[in-house]
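Trainee: got a predicted structure here, sequence first:
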Amino acid sequence: MVRVKVPATTANIGAGFDCMGLAFKLYNEYFFEEIPEGLEFVGVKEEFCNEQNIIYEAMIRCFNKANYKKIGVKIGIIKEEIPISRGLGSSSSCIVAGLIGANILMGSPFSNDDLFDLAVEIEGHPDNVSPAFFGGIVVSSMEEGKAYYNRIDIKDGIEFLAFIPEFTLSTEKARKALPEVIPFKDGVYNIGKAALTLSCFYSGNFDLLKVACKDKLHENYRSNLIPNFDNITNKARELGALCVFLSGAGPTIMCIIKKGSIDIKEGIKKYLETLDGGWKLLELEKNNIGPEIVEG
Ligand code: HSE
(Lines give C-alpha, C1' and ligand atoms only; values in the text may rest on other atoms or scores of the structure.)
Protein backbone atom coordinates (compact mmCIF):
# COMPACT_ATOMS: atom_id res chain seq x y z
CA MET A 1 0.00 0.00 0.00
CA VAL A 2 1.12 3.57 -0.70
CA ARG A 3 -0.01 6.57 1.34
CA VAL A 4 0.45 10.03 -0.17
CA LYS A 5 -0.22 13.45 1.37
CA VAL A 6 -0.46 16.27 -1.17
CA PRO A 7 -0.66 19.95 -0.16
CA ALA A 8 -3.19 22.62 -1.02
CA THR A 9 -1.89 25.48 -3.18
CA THR A 10 -2.70 29.01 -4.19
CA ALA A 11 -2.01 30.06 -7.77
CA ASN A 12 -1.37 33.35 -9.56
CA ILE A 13 -0.34 35.27 -6.38
CA GLY A 14 -1.58 38.51 -7.90
CA ALA A 15 0.16 39.19 -11.18
CA GLY A 16 1.64 35.75 -11.90
CA PHE A 17 -1.31 34.50 -13.89
CA ASP A 18 -0.87 30.81 -14.81
CA CYS A 19 2.79 30.86 -13.78
CA MET A 20 3.17 31.32 -9.99
CA GLY A 21 1.94 29.26 -7.08
CA LEU A 22 2.81 28.26 -3.54
CA ALA A 23 2.00 25.40 -1.21
CA PHE A 24 0.39 25.19 2.24
CA LYS A 25 0.40 22.78 5.15
CA LEU A 26 -3.17 21.81 4.38
CA TYR A 27 -3.47 18.34 2.94
CA ASN A 28 -5.50 15.69 1.27
CA GLU A 29 -4.22 12.24 2.12
CA TYR A 30 -4.78 9.27 -0.15
CA PHE A 31 -3.90 5.57 -0.25
CA PHE A 32 -3.39 3.30 -3.24
CA GLU A 33 -3.38 -0.46 -3.38
CA GLU A 34 -3.04 -2.96 -6.18
CA ILE A 35 -5.96 -5.42 -6.32
CA PRO A 36 -6.41 -8.39 -8.70
CA GLU A 37 -8.87 -6.54 -10.92
CA GLY A 38 -11.39 -3.70 -11.16
CA LEU A 39 -11.62 -0.37 -9.40
CA GLU A 40 -12.58 0.15 -5.76
CA PHE A 41 -12.97 3.31 -3.73
CA VAL A 42 -12.79 3.82 0.01
CA GLY A 43 -13.80 7.07 1.69
CA VAL A 44 -14.65 8.71 -1.66
CA LYS A 45 -17.95 10.56 -2.15
CA GLU A 46 -20.47 8.44 -4.09
CA GLU A 47 -20.60 10.90 -7.02
CA PHE A 48 -16.84 10.47 -7.63
CA CYS A 49 -16.80 6.64 -7.43
CA ASN A 50 -16.45 5.96 -11.16
CA GLU A 51 -13.86 5.73 -13.96
CA GLN A 52 -14.09 9.51 -14.52
CA ASN A 53 -12.63 10.06 -11.07
CA ILE A 54 -9.79 12.54 -11.55
CA ILE A 55 -7.40 10.53 -9.34
CA TYR A 56 -8.08 7.37 -11.34
CA GLU A 57 -7.75 9.19 -14.67
CA ALA A 58 -4.32 10.46 -13.59
CA MET A 59 -3.31 6.91 -12.63
CA ILE A 60 -4.40 5.55 -16.01
CA ARG A 61 -2.38 8.27 -17.82
CA CYS A 62 0.64 7.18 -15.81
CA PHE A 63 0.10 3.45 -16.46
CA ASN A 64 -0.39 4.09 -20.19
CA LYS A 65 2.73 6.22 -20.45
CA ALA A 66 4.74 3.31 -19.04
CA ASN A 67 2.89 0.77 -21.23
CA TYR A 68 2.07 -0.93 -17.97
CA LYS A 69 -0.43 -3.77 -18.06
CA LYS A 70 -3.50 -2.30 -16.41
CA ILE A 71 -4.03 -3.65 -12.92
CA GLY A 72 -6.91 -3.40 -10.51
CA VAL A 73 -6.62 -0.53 -8.06
CA LYS A 74 -8.12 0.51 -4.79
CA ILE A 75 -8.15 4.28 -4.21
CA GLY A 76 -8.77 5.61 -0.74
CA ILE A 77 -9.13 9.07 0.71
CA ILE A 78 -7.93 9.13 4.31
CA LYS A 79 -8.14 12.87 4.92
CA GLU A 80 -9.72 15.64 2.83
CA GLU A 81 -8.78 19.07 4.17
CA ILE A 82 -8.69 20.96 0.85
CA PRO A 83 -12.07 22.50 0.00
CA ILE A 84 -13.36 21.53 -3.47
CA SER A 85 -13.81 24.12 -6.26
CA ARG A 86 -12.59 27.01 -4.11
CA GLY A 87 -9.29 27.87 -5.82
CA LEU A 88 -7.07 26.00 -3.37
CA GLY A 89 -5.75 23.30 -5.68
CA SER A 90 -8.00 20.36 -4.78
CA SER A 91 -7.96 18.95 -8.32
CA SER A 92 -4.18 19.39 -8.56
CA SER A 93 -3.86 17.51 -5.30
CA CYS A 94 -5.89 14.61 -6.79
CA ILE A 95 -3.82 14.57 -10.01
CA VAL A 96 -0.48 14.70 -8.20
CA ALA A 97 -1.55 11.98 -5.76
CA GLY A 98 -2.85 9.73 -8.57
CA LEU A 99 0.41 10.07 -10.52
CA ILE A 100 2.63 9.45 -7.49
CA GLY A 101 0.47 6.49 -6.40
CA ALA A 102 0.46 4.89 -9.86
CA ASN A 103 4.20 5.41 -10.30
CA ILE A 104 5.00 3.73 -6.99
CA LEU A 105 2.64 0.81 -7.69
CA MET A 106 4.60 0.25 -10.95
CA GLY A 107 7.96 0.26 -9.16
CA SER A 108 8.72 3.96 -9.80
CA PRO A 109 9.76 4.01 -13.49
CA PHE A 110 9.28 7.79 -13.63
CA SER A 111 11.15 10.65 -11.98
CA ASN A 112 9.31 13.48 -10.22
CA ASP A 113 9.99 15.68 -13.25
CA ASP A 114 8.40 13.07 -15.58
CA LEU A 115 5.35 13.00 -13.33
CA PHE A 116 5.23 16.79 -13.24
CA ASP A 117 5.17 16.87 -17.08
CA LEU A 118 2.25 14.46 -17.03
CA ALA A 119 0.44 16.52 -14.39
CA VAL A 120 0.78 19.68 -16.49
CA GLU A 121 -0.54 17.81 -19.55
CA ILE A 122 -3.61 16.78 -17.55
CA GLU A 123 -4.24 20.11 -15.78
CA GLY A 124 -3.41 22.33 -18.78
CA HIS A 125 -1.44 24.93 -16.81
CA PRO A 126 1.36 24.44 -14.30
CA ASP A 127 0.77 27.00 -11.56
CA ASN A 128 -1.07 24.73 -9.09
CA VAL A 129 0.54 21.39 -9.85
CA SER A 130 4.09 22.74 -9.52
CA PRO A 131 3.85 23.77 -5.83
CA ALA A 132 1.72 20.67 -5.15
CA PHE A 133 4.68 18.60 -6.46
CA PHE A 134 7.63 20.55 -5.16
CA GLY A 135 6.42 22.68 -2.21
CA GLY A 136 7.59 26.26 -1.63
CA ILE A 137 6.84 28.99 -4.14
CA VAL A 138 7.28 27.92 -7.73
CA VAL A 139 7.45 29.83 -11.00
CA SER A 140 6.66 27.77 -14.06
CA SER A 141 6.38 28.64 -17.71
CA MET A 142 5.34 26.70 -20.78
CA GLU A 143 7.63 26.36 -23.79
CA GLU A 144 6.61 24.19 -26.74
CA GLY A 145 4.20 22.20 -24.60
CA LYS A 146 6.64 21.60 -21.74
CA ALA A 147 6.60 23.38 -18.37
CA TYR A 148 9.90 24.65 -17.00
CA TYR A 149 9.98 25.56 -13.33
CA ASN A 150 12.11 27.01 -10.57
CA ARG A 151 11.25 26.82 -6.88
CA ILE A 152 12.42 28.56 -3.75
CA ASP A 153 11.65 27.98 -0.09
CA ILE A 154 9.18 30.44 1.40
CA LYS A 155 10.97 32.40 4.11
CA ASP A 156 9.66 33.08 7.62
CA GLY A 157 7.96 36.32 8.57
CA ILE A 158 4.53 36.03 6.96
CA GLU A 159 1.22 34.28 7.57
CA PHE A 160 -1.50 33.38 5.12
CA LEU A 161 -5.22 33.91 5.67
CA ALA A 162 -7.66 32.26 3.28
CA PHE A 163 -11.14 33.81 3.08
CA ILE A 164 -13.28 30.94 1.84
CA PRO A 165 -16.94 31.39 0.90
CA GLU A 166 -19.64 28.75 1.05
CA PHE A 167 -20.27 29.00 -2.69
CA THR A 168 -18.08 27.32 -5.31
CA LEU A 169 -16.76 28.62 -8.63
CA SER A 170 -15.50 26.31 -11.36
CA THR A 171 -12.18 27.14 -13.02
CA GLU A 172 -13.93 26.71 -16.37
CA LYS A 173 -16.46 29.43 -15.57
CA ALA A 174 -13.78 31.73 -14.12
CA ARG A 175 -11.63 31.32 -17.25
CA LYS A 176 -14.60 32.13 -19.49
CA ALA A 177 -14.81 35.54 -17.81
CA LEU A 178 -11.37 36.47 -19.15
CA PRO A 179 -10.89 38.64 -22.26
CA GLU A 180 -9.29 37.43 -25.49
CA VAL A 181 -7.21 40.59 -25.72
CA ILE A 182 -5.75 42.91 -23.05
CA PRO A 183 -4.35 46.44 -23.36
CA PHE A 184 -0.57 46.50 -23.89
CA LYS A 185 -0.12 48.66 -20.79
CA ASP A 186 -1.86 46.05 -18.63
CA GLY A 187 0.57 43.41 -19.86
CA VAL A 188 3.49 45.66 -19.02
CA TYR A 189 1.97 46.39 -15.60
CA ASN A 190 1.68 42.69 -14.78
CA ILE A 191 5.20 41.79 -15.91
CA GLY A 192 6.63 44.34 -13.49
CA LYS A 193 4.37 43.30 -10.63
CA ALA A 194 4.99 39.56 -11.10
CA ALA A 195 8.75 40.07 -11.15
CA LEU A 196 8.58 42.31 -8.09
CA THR A 197 6.38 39.82 -6.22
CA LEU A 198 8.83 37.02 -6.84
CA SER A 199 11.73 39.20 -5.73
CA CYS A 200 9.92 39.77 -2.40
CA PHE A 201 9.80 36.03 -1.80
CA TYR A 202 13.42 35.62 -2.90
CA SER A 203 14.75 38.38 -0.65
CA GLY A 204 12.28 38.19 2.22
CA ASN A 205 11.47 41.89 1.75
CA PHE A 206 7.78 41.25 2.22
CA ASP A 207 6.85 44.93 2.84
CA LEU A 208 7.17 45.45 -0.89
CA LEU A 209 4.25 43.06 -1.50
CA LYS A 210 1.94 46.02 -0.81
CA VAL A 211 2.95 47.43 -4.19
CA ALA A 212 4.02 44.25 -5.96
CA CYS A 213 1.08 41.94 -5.47
CA LYS A 214 -1.43 43.56 -7.81
CA ASP A 215 -2.97 42.39 -11.03
CA LYS A 216 -4.67 43.67 -14.16
CA LEU A 217 -5.02 40.43 -16.14
CA HIS A 218 -7.72 38.49 -14.36
CA GLU A 219 -9.00 39.76 -11.00
CA ASN A 220 -11.12 42.65 -12.29
CA TYR A 221 -12.71 40.43 -14.91
CA ARG A 222 -13.55 37.76 -12.35
CA SER A 223 -14.61 39.92 -9.43
CA ASN A 224 -18.24 40.08 -10.66
CA LEU A 225 -18.46 36.33 -10.11
CA ILE A 226 -17.51 36.75 -6.45
CA PRO A 227 -19.96 38.86 -4.42
CA ASN A 228 -18.10 41.12 -1.93
CA PHE A 229 -14.70 40.63 -3.62
CA ASP A 230 -13.99 44.38 -3.63
CA ASN A 231 -15.37 44.90 -0.11
CA ILE A 232 -13.20 42.13 1.33
CA THR A 233 -9.99 43.08 -0.48
CA ASN A 234 -10.44 46.75 0.42
CA LYS A 235 -11.11 45.90 4.06
CA ALA A 236 -8.03 43.66 4.31
CA ARG A 237 -5.82 46.39 2.80
CA GLU A 238 -7.34 49.04 5.07
CA LEU A 239 -6.57 46.85 8.10
CA GLY A 240 -2.91 46.62 7.05
CA ALA A 241 -2.57 43.36 5.10
CA LEU A 242 0.62 43.06 3.03
CA CYS A 243 -1.43 41.88 0.07
CA VAL A 244 -4.71 40.31 -0.86
CA PHE A 245 -5.46 38.49 -4.10
CA LEU A 246 -7.76 35.99 -5.76
CA SER A 247 -6.55 32.47 -5.00
CA GLY A 248 -6.21 30.76 -8.38
CA ALA A 249 -9.48 31.09 -10.23
CA GLY A 250 -11.31 31.81 -6.97
CA PRO A 251 -13.64 32.14 -5.22
CA THR A 252 -11.25 32.02 -2.22
CA ILE A 253 -9.48 35.30 -1.50
CA MET A 254 -5.93 34.94 -0.14
CA CYS A 255 -4.34 37.44 2.19
CA ILE A 256 -0.74 37.69 3.38
CA ILE A 257 0.02 39.44 6.66
CA LYS A 258 3.16 39.96 8.72
CA LYS A 259 3.61 37.19 11.27
CA GLY A 260 1.79 37.99 14.50
CA SER A 261 -0.55 40.67 13.09
CA ILE A 262 -3.31 39.61 15.44
CA ASP A 263 -5.36 42.81 15.00
CA ILE A 264 -5.67 42.29 11.24
CA LYS A 265 -6.76 38.70 11.77
CA GLU A 266 -9.38 39.63 14.33
CA GLY A 267 -10.60 42.61 12.31
CA ILE A 268 -11.10 40.72 9.08
CA LYS A 269 -12.69 37.78 10.86
CA LYS A 270 -15.31 40.05 12.41
CA TYR A 271 -15.88 41.76 9.07
CA LEU A 272 -16.43 38.45 7.23
CA GLU A 273 -19.11 37.53 9.77
CA THR A 274 -21.14 40.58 8.69
CA LEU A 275 -21.29 39.45 5.04
CA ASP A 276 -23.58 37.10 3.14
CA GLY A 277 -21.89 34.16 1.46
CA GLY A 278 -20.78 32.17 4.50
CA TRP A 279 -17.20 33.49 4.37
CA LYS A 280 -14.81 31.73 6.77
CA LEU A 281 -11.24 32.63 7.65
CA LEU A 282 -8.71 29.79 7.53
CA GLU A 283 -5.16 30.38 8.80
CA LEU A 284 -2.58 28.60 6.66
CA GLU A 285 1.13 27.90 7.00
CA LYS A 286 3.70 27.77 4.23
CA ASN A 287 4.80 24.34 3.02
CA ASN A 288 8.36 23.97 1.76
CA ILE A 289 8.41 20.19 1.43
CA GLY A 290 5.63 19.23 -0.99
CA PRO A 291 4.02 15.79 -0.93
CA GLU A 292 4.80 13.24 1.78
CA ILE A 293 4.87 9.58 0.86
CA VAL A 294 4.69 6.50 3.07
CA GLU A 295 5.12 3.08 1.47
CA GLY A 296 4.45 -0.21 3.17
N1 HSE B 1 -4.09 30.17 -13.14
C2 HSE B 1 -5.36 29.49 -13.11
C3 HSE B 1 -6.47 30.52 -13.31
C4 HSE B 1 -5.53 28.82 -11.78
O5 HSE B 1 -6.39 31.58 -12.71
O6 HSE B 1 -7.39 30.23 -14.07
C7 HSE B 1 -6.66 27.87 -11.75
O8 HSE B 1 -6.22 26.59 -11.94
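Mentor: Here it is on my side, so go on.
Trainee: residue contacts, residue 86?
Mentor: 164, 165, 168, 169, 247, 250, 251, 252 (C-beta atoms under 8 Å, 6 or more residues apart in numbering). Where you see a C-beta, it was placed from the backbone N, CA and C, and this is true even at glycine.
Trainee: want to try a markdown table for those, with distance to residue 278, secondary structure and pLDDT as columns?
Mentor: Formatted as a markdown table, the contacts of residue 86 follow (distance: C-beta to C-beta, whole Å; DSSP: H, G, I helix; E, B strand; the rest coil; pLDDT from 0 to 100):
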| residue | distance to residue 278 | secondary structure | pLDDT |
| --- | --- | --- | --- |
| 164 | 9 | strand | 98 |
| 165 | 6 | coil | 98 |
| 168 | 11 | coil | 95 |
| 169 | 14 | coil | 94 |
| 247 | 16 | coil | 98 |
| 250 | 15 | coil | 93 |
| 251 | 11 | coil | 97 |
| 252 | 12 | coil | 98 |
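Trainee: quick check: residues of the stretch 1-150 of the chain near the ligand?
Mentor: For the stretch 1-150 of the chain, the residues in contact with the ligand (C-beta under 6 Å from any ligand atom) are 11, 12, 17, 18, 125, 127, 128.
Trainee: A helix includes residue 99, no?
Mentor: Yes - assessed with DSSP: H, G, I helix; E, B strand; the rest coil, residue 99 lies in a helix.
Trainee: circling back: who wins for most neighbours among the contacts of residue 86?
Mentor: With neighbours taken as other C-beta atoms under 10 Å, the top of the contacts of residue 86 is residue 250, carrying 28 neighbours.
Trainee: and the residue lying closest to residue 110 once chain neighbours are set aside, how many neighbours?
Mentor: Excluding its sequence neighbours, the residue lying closest to residue 110 (C-beta to C-beta, 6 or more residues apart in numbering) is residue 103, at 5.0 Å. Neighbourhood size, residue 103 [other C-beta under 10 Å]: 25.
Trainee: residue 103 and residue 61 touch, don't they?
Mentor: No - with contact defined as C-beta atoms under 8 Å, residue 103 does not reach residue 61; the gap is 10.9 Å.
Trainee: any idea which helix or strand comes after the host helix or strand of the residue nearest to residue 110?
Mentor: Using DSSP states H and E, residue 103 sits in helix 90-105. Tracing the chain C-terminally past helix 90-105 and defining elements by DSSP H and E, one meets helix 112-123 next.
Trainee: many thanks, have a good one.
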